[in-house]
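J.: I would like to see how this sequence folds:
(2 chains)
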Amino acid sequence: NAGVTQTPKFQVLKTGQSMTLQCAQDMNHNSMYWYRQDPGMGLRLIYYSASEGTTDKGEVPNGYNVSRLNKREFSLRLESAAPSQTSVYFCASSGAGGYNEQFFGPGTRLTVL
Amino acid sequence: SQQGEEDPQALSIQEGENATMNCSYKTSINNLQWYRQNSGRGLVHLILIRSNEREKHSGRLRVTLDTSKKSSSLLITASRAADTASYFCATDNYGQNFVFGPGTRLSVLP
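T.: Numbering: from 1, shown residues only, chains lettered A, B, ... in the order given. Model prediction:
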């Protein structure tokens, strides 16, 4: 039981390049989330998916797109990376209902030059 | 904008002492959760307290919730060096998303 997995662990991009961050969970959770964490800022929600086939914007969605490929997988795409997107990205998942904890992946450390 | 705000931003104590950190929030919540993050790792869930609960315990952790003051506190008793981490509160605002505060960095010195 791997929980939440993310790939890659580290990535360096040049400004303007694109990439997709992958996330998968094996806990049969309905909800999945993408966060970014900047120093001293805590976690900020980029996008979330309450169930397969649905996605919604969070606090900081600009510059990102997401795909809920199936119940297990939720990817985050940067179409044209900018230095302001240098951050650590975390994927999380949780069960349905209002009293569920979130389970986090190990994170992807992204640097945009 | 951040819903939860932890206080203090950083806390340094000796092993065996108790550590208390606080969280304030702005709007009505369904529940409030505390998470721990070790350096370079993902967040790990510690405890959840519902809006109709006032206190909850889990091992050496005690969480209180005061909805009239829109605040919560996390107490770690008899701290250990392994408790060194950042601690975040997260509020569930009756929706599908959570809002995290900026965290409290706890250092437990041997």
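
J.: every contact and neighbour count from this point should use C-alpha atoms.
T.: Will do.

J.: partner residues bridging the residue lying closest to B:Arg62 once chain neighbours are set aside?
T.: Distances taken as Cα to Cα, 6 or more residues apart in numbering or on different chains put B:Leu75 closest to B:Arg62, at 5.1 Å, once the chain neighbours are dropped. On the basis of DSSP bridges, B:Leu75 is bridged to B:Thr20, B:Arg62.

J.: what's the local residue count around whatever residue of chain B ends up closest to chain A?
T.: Across chain B, the shortest distance to chain A (Cα to the nearest Cα) belongs to B:Pro102, at 3.8 Å. Each residue near B:Pro102 was counted by other Cα atoms under 10 Å in any protein chain shown, and the total is 26.

J.: kindly report the same for A:Lys14.
T.: A:Lys14, neighbours per other Cα under 10 Å, totals 13.

J.: what's it in contact with, if anything?
T.: By Cα atoms under 8 Å, 6 or more residues apart in numbering or on different chains, the contact set of A:Lys14 is A:81-82, A:112-113.

J.: could I get the residues you listed in JSON lines, plus columns for distance to chain B and secondary structure?
T.: Putting the contacts of A:Lys14 into JSON lines (distance: Cα to the nearest Cα, whole Å; DSSP: H, G, I helix; E, B strand; the rest coil) gives the following:
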{"residue": "A:Ala81", "distance to chain B": "23", "secondary structure": "coil"}
{"residue": "A:Ala82", "distance to chain B": "22", "secondary structure": "coil"}
{"residue": "A:Val112", "distance to chain B": "19", "secondary structure": "strand"}
{"residue": "A:Leu113", "distance to chain B": "21", "secondary structure": "coil"}
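
J.: quick one: buried ones out of the residues you listed?
T.: Buried residues within these, defined by neighbour count using 16 or more other Cα atoms under 10 Å in any protein chain shown: A:81-82, A:112.

J.: nearest to B:Ser107 among the residues you listed?
T.: Relative to B:Ser107, the closest of the buried ones among the contacts of A:Lys14 is A:Val112; by Cα to Cα it sits at 30.8 Å.

J.: give the contact list for the closest one.
T.: A:12-15, A:81-86.

J.: related to what we said a few turns ago, how many neighbours does the residue nearest to the residue of chain B closest to chain A when sequence neighbours are not counted have?
T.: Among residues not flanking B:Pro102 along the chain, A:Gly42 sits closest, at 3.8 Å (Cα to Cα, 6+ apart). A:Gly42 is flanked by 22 other residues according to other Cα under 10 Å.

J.: tell me what A:Gly42 is bridged to.
T.: Assessed by DSSP bridges, A:Gly42 has beta-bridge partners A:Asp38.

J.: could you do B:Ile47 as well?
T.: B:Trp34.

J.: surely it is in contact with B:Glu55?
T.: No - with contact defined as Cα atoms under 8 Å, B:Ile47 does not count as touching B:Glu55 (11.0 Å).

J.: all strands for chain A, in order.
T.: A:4-7, A:10-13, A:19-25, A:31-38, A:42-49, A:56-57, A:64-68, A:74-78, A:87-94, A:103-104, A:108-112 (DSSP state E).

J.: TSV for the ones you listed, including mean pLDDT?
T.: Shown next, in TSV, are these (pLDDT from 0 to 100):
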stretch	mean pLDDT
strand A:4-7	96
strand A:10-13	96
strand A:19-25	97
strand A:31-38	94
strand A:42-49	92
strand A:56-57	93
strand A:64-68	97
strand A:74-78	98
strand A:87-94	96
strand A:103-104	94
strand A:108-112	97
